[in-house]
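S.K.: Prediction below, plus the sequence it came from.
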Amino acid sequence: MFILGELNGEKVYSVLTMESIKTAINEIIADTIGRRGHNAPAFDDETKLEALGFDSLDIMEIIVQTEGKLGVRVPNNKIEKIYTVGDLYALFKIND
């Protein structure tokens, strides 16, 4: 799957599978929870980020870390209404 983003003002295409996107985001979520001294509970696409203890700043941190890990940048106008883990996954899939 091709992911369109920006890096240093340049359009970037990267070949990533949805599985690799989910793995990267899941690892970042688990690491973020772990830094708080907790074990990450089971979560899936429908899990609300608020239920995992994340506020809007935490969500932005997860997005920035995911951008770095995947080597893509999500346009700011795409970062709206992120409520669930599935919303994070969708943010990094190909722009339709």
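M.R.: Nice, I can see it.

S.K.: Strands along the protein, start to end?
M.R.: 2-7, 10-15 (DSSP state E).

S.K.: and those strands, which one is worst for confidence?
M.R.: Note on the strands of the chain: strand 2-7 shows the lowest mean pLDDT, a mean of 57.

S.K.: Could you measure from His38 over to Thr32?
M.R.: Computed with C-beta to C-beta, to the nearest Å, the distance linking His38 and Thr32 is 10 Å. Every residue, glycine included, has its C-beta placed from N, CA and C.

S.K.: So which of the two has more stuff around it?
M.R.: Thr32 (18 against 12; other C-beta atoms under 10 Å).

S.K.: pretty sure the more buried one is in contact with Asp58, am I right?
M.R.: Yes: using C-beta atoms under 8 Å, Thr32 makes contact with Asp58 at a distance of 6.7 Å.

S.K.: which helices and strands sit right next to the longest helix seen in the chain?
M.R.: Taking DSSP state H as the criterion, the chain has its longest helix at helix 18-35. For helix 18-35, the packing partners by 3 or more C-beta pairs under 8 Å, 6 or more residues apart in numbering; DSSP states H and E come out as helix 56-70, helix 85-92.

S.K.: Turn those into TSV, columns for distance to Leu49, mean neighbour count and mean pLDDT.
M.R.: Converted to TSV, the helices and strands packed on helix 18-35 look like this (distance: least, C-beta to C-beta, whole Å; neighbours: other C-beta atoms under 10 Å; pLDDT from 0 to 100):
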stretch	distance to Leu49	mean neighbour count	mean pLDDT
helix 56-70	6	16	94
helix 85-92	7	19	94
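
S.K.: Out of these, flag the one nearest Asp44.
M.R.: helix 85-92 (6.7 Å; C-beta to C-beta).

S.K.: and for that closest one, what are the contacting residues?
M.R.: Applying C-beta atoms under 8 Å, 6 or more residues apart in numbering, the set of residues contacting helix 85-92 from outside is 3, 16, 18, 21-22, 25-26, 29, 43-47, 49, 52, 59, 62-63, 66, 70, 72, 74, 78-79, 81-82.

S.K.: run the last query once more with 7 Å
M.R.: Applying C-beta atoms under 7 Å, 6 or more residues apart in numbering, the contact partners of helix 85-92 are 3, 21-22, 25, 43-47, 49, 62-63, 66, 70, 72, 74, 78-79, 82.
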